[in-house]
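J.: no sequence on hand, only this structure:
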């Protein structure tokens, strides 16, 4: 892992890539630049306006949930045969978005990709916030969220236990483990940075808060040694975990016999789709963030370009998944699968399917062009298109299959209500509000890892001289 | 000395780059010092080994956590589904182990992760809000841009003036005495 052993052919200078860190930075300059956003920068009008707006949307969410608790799930557009509707569409969409954060922080760490450094912290934060938004939906979709503890195995006086053969119970364990491990990983990464903030804070309350959170971290060589060991192990554990989470989510569908759900392509194609939408969301957040706080030196064109390439690759895997769904329907010759495939193209929700193909497969092909990948505005718009496309994908999967299953007498239609929309928009507000709080409350870029990057880049330079 | 009850914790010197502190640490070991600690803003490869760190229990603790989590996960499902709450559904086997794999896997990862983090913190004796090195005024730089080497007073070879002189001889800047106030 020694940086000195890195072959020179891999160095950015020789491959004419943009640097992962703009030249001329020192330990102190990166530390100052990132910590000042938290410690000294006054609250701007833009931040206050954004926070106020998103905070009021969170109130819409609370109102919607309160009304749901009062009236029950009947306020949503769900009914038999469409019992799932927006709640599950949004759940799968949010949990998928979280996956990019873990991919960046764990998998790219194991692969020793230096460009992950400046984006991993807020990508991990994004994971936590997305998991929080995702968790709301199955919880309130149960209809009686105050009974949700029934899903956990606890010794009850009734003597009953959860059905461990059900993918819905697997989901409880997968999502709660994912949330916990993401939080641990995030906190361990934050520990040295909290100590930096403690040491640089001028105000008493800041010293107290960061002093408590940093647990007395003092950067001892022994501490770093164990710290790095634990961090590497966590990365190794989070890697299979992140793959397992969306696999388990796809089992919610694939284990059922509903046409269009019961396919073996679901796990890999769900995981690829999760990473696809997650990277889109990282771009949606990173582009305004680097602009607003002048972090272009740290989140360079190289990062945006690499993320665009990851989106292109995972987008192609997703396209392959769509193709295999059709192929398997016709190859199997199963009349229900064939019928469902045709419903996607010609049924009452076909416009959603075509919109999905446009957003997820056709538009992203523009990313083959380098000019598009290097155009910040185009990338931002592309990330929004992909986010929309991935939401449509889950809508198509949930709604088309449920409205057209085996017997025509069981068919139905699905119409979301005001409360469906207000809850969904409410979680968008919650997510954005948490991001607003995060960028001002904690270092949005991993400071200690940026210092390592300064050291690493200096190394490369010395080697080439 | 104004503080009657303050003891000397050690002598501390400061460096500007990882290479320098690594060289100084090596020389300190060669000079026979044993209780050396280093405080750095970034992990420095080989520094912990140079000052005498041999083995970390973090991987072992993580393994134990994972093993415990996995066994708990499978045991819980087996006990619930086959022993205490068996449901005969068309004669299907009660110990349907393939269906128990997802939860077993998740709890393995959960157990290993929690043990890794708690184990790392416990071995590092964290949380520990106060430590004598925080008494050094310039120590706030240890989390920004300076590398600190401290030779502790419990070292058998420790001698306040001699050790300070030694640190100066290996090009340490701002050599200061670290006080441990009771």
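T.: Yep, it's here. Computed from a predicted structure; not experimentally measured.

J.: where exactly do the helices run in chain B?
T.: Residue ranges of the helices in chain B, as given by DSSP state H, are B:18-30, B:47-50, B:58-78, B:97-123, B:160-169.

J.: winner for burial among those helices?
T.: For these, ranked by mean neighbour count under the definition mean count of other CB atoms under 10 Å in any protein chain shown, the leader is helix B:97-123 at a mean of 22. C-beta: built from backbone N, CA, C; applies to glycine.

J.: by contact count, what packs against it?
T.: The elements that helix B:97-123 packs onto, with contact taken as 3 or more CB pairs under 8 Å, 6 or more residues apart in numbering or on different chains; DSSP states H and E, are helix A:167-200, helix A:221-254, helix B:58-78.

J.: what residues are up against residue A:450?
T.: Residue A:450 is in contact with A:21, A:30, A:31, A:34, A:117, A:118, A:298, counting by CB atoms under 8 Å, 6 or more residues apart in numbering or on different chains.

J.: which residue, other than its chain neighbours, is closest to the third one?
T.: To tie it back to what came earlier, the one meant is residue A:31. residue B:144 (4.8 Å; CB to CB, 6 or more residues apart in numbering or on different chains).

J.: count the residues that sit near that neighbour.
T.: Residue B:144 sits with 22 neighbouring residues when counted by other CB atoms under 10 Å in any protein chain shown.

J.: which positions in stretch A:50-58 come out as buried?
T.: For stretch A:50-58, the neighbour count (16 or more other CB atoms under 10 Å in any protein chain shown) marks A:50, A:51, A:54, A:57, A:58 as buried.

J.: filter these down to the ones in helices?
T.: With helices defined by DSSP H, the entries of those inside them are A:50, A:51, A:54, A:57, A:58.

J.: how about these, which pair is most distant?
T.: For those, the maximum inter-member distance is 12.6 Å, found between A:50 and A:58 (CB to CB).

J.: out of the helices and strands packed on helix B:97-123, the one nearest residue B:50 is which?
T.: helix A:221-254 (8.3 Å).

J.: hmm, the closest one touching chain B?
T.: Yes - contact of helix A:221-254 with chain B is found when judged by CB under 8 Å from any CB of the partner chain, involving A:221-230, A:233-234, A:237-238, A:240-241, A:244, A:248, A:251.

J.: what is the subsequent helix or strand relative to the lowest-mean-pLDDT helix or strand in chain A?
T.: Least confident element among the helices and strands of chain A, by mean pLDDT, DSSP states H and E: helix A:12-15 (a mean of 52). Counting by DSSP states H and E, the next helix or strand C-terminal to helix A:12-15 is helix A:27-39.

J.: OK, contacts around the residue most central in space within chain B?
T.: The central residue of chain B, meaning the one whose C-alpha is nearest the mean C-alpha position (CA atoms, centre = their mean), is residue B:124 at 3.7 Å. Contact analysis of residue B:124 by CB under 8 Å, 6+ apart lists A:220, A:222, A:223, A:226, A:227.

J.: which among these end up buried?
T.: Taking 16+ other CB under 10 Å as the criterion, what is buried in the contacts of residue B:124 is A:220, A:222, A:223, A:226, A:227.

J.: which pLDDT value belongs to the second one?
T.: What the model reports for residue A:222 is a pLDDT of 92.

J.: where does the stretch 301-450 of chain A get nearest to chain B, residue-wise?
T.: Distance from chain B to each residue of the stretch 301-450 of chain A (CB to the nearest CB) is smallest for residue A:448, at 6.0 Å.

J.: would you agree that residue is in contact with residue B:42?
T.: Yes - A contact is recorded between residue A:448 and residue B:42 when judged using CB atoms under 8 Å, the distance being 6.0 Å.

J.: need the contact list for residue A:404.
T.: Taking CB under 8 Å, 6+ apart as the contact definition, residue A:404 lies against A:259, A:339, A:340, A:343, A:347, A:411.

J.: which among the residues you listed end up buried?
T.: Buried residues within those, counting neighbours by 16+ other CB under 10 Å: A:259, A:339, A:340, A:343, A:347.

J.: tell me the residues of the stretch 351-465 of chain A that contact chain B?
T.: A:448, A:451, A:452, A:455.

J.: of the residues you listed, which is the most crowded?
T.: residue A:448 (29 neighbours).

J.: okay, and it sits in which element?
T.: Per DSSP H and E: helix A:447-464 holds residue A:448.

J.: count of residues packed around residue A:159?
T.: Using other CB under 10 Å, residue A:159 is surrounded by 8 other residues.

J.: quick one, what contacts the residue in the stretch 1-150 of chain A that chain B sits nearest to?
T.: Shortest the stretch 1-150 of chain A-to-chain B distance, computed as CB to the nearest CB: residue-wise this is residue A:27, at 3.9 Å. Neighbour list for residue A:27: A:451, A:454, A:455, B:41, B:42, B:144, B:145 [criterion: CB under 8 Å, 6+ apart].

J.: which of those residues lies closest to residue B:156?
T.: Here the nearest of the contacts of residue A:27 to residue B:156, counting by CB to CB, is residue B:41; it sits at 30.1 Å.

J.: which one is residue A:189 nearest to, not counting chain neighbours?
T.: Looking at residue A:189 with CB to CB, 6+ apart, the closest residue is residue A:446, at 5.9 Å.

J.: pLDDT weak spots in the chain?
T.: Answering for chain A, as no chain was given. Per-residue confidence of chain A (counting by pLDDT under 70) places the weak regions at A:1-17, A:459-465.

J.: that was the other one, I meant chain B.
T.: Low-confidence segments of chain B (pLDDT under 70): B:1-6, B:182.

J.: can we see that at 80?
T.: When the per-residue scores of chain B are filtered using pLDDT under 80, the ranges that remain are B:1-6, B:181-182.

J.: residues in contact with the closest residue to residue A:219 other than its chain neighbours?
T.: In space, residue A:219 comes closest to residue B:39 once its chain neighbours are excluded; the distance is 4.8 Å by CB to CB, 6+ apart. For residue B:39, the contacting residues are A:218, A:219, A:220, A:221, B:133, B:139, B:142, B:147, B:148, B:150, by CB under 8 Å, 6+ apart.

J.: show me which pair in those is furthest apart.
T.: Put simply, by CB to CB the two of these set farthest apart are A:221 and B:139, 14.8 Å from each other.

J.: okay, these two: which has more neighbours?
T.: residue A:221 (26 against 23).

J.: OK, contacts around the more buried one?
T.: B:37, B:38, B:39, B:40, B:43, B:44, B:47, B:48, B:51, B:53.

J.: can you tell me the closest non-neighbouring residue to the fourth one?
T.: What that stands for is residue B:40. Closest residue to residue B:40 apart from its sequence neighbours, by CB to CB, 6+ apart: residue B:147 at 4.9 Å.

J.: same check on residue A:185?
T.: Across the structure, with CB to CB, 6+ apart as the measure, the residue nearest residue A:185 apart from its sequence neighbours is residue A:234 (5.0 Å).

J.: number of nearby residues for that neighbour?
T.: Other residues lying near residue A:234 total 27 when counted by other CB under 10 Å.

J.: how does chain B divide into domains?
T.: Structural domains assigned to chain B are B:1-41+B:147-182, B:58-123, following automatic domain parsing.

J.: can you redo those domains as CSV with distance to residue A:96?
T.: Written out in CSV, the entries for the domains of chain B read as follows (distance: least, CB to CB, whole Å):
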stretch, distance to residue A:96
domain B:1-41+B:147-182, 36
domain B:58-123, 18
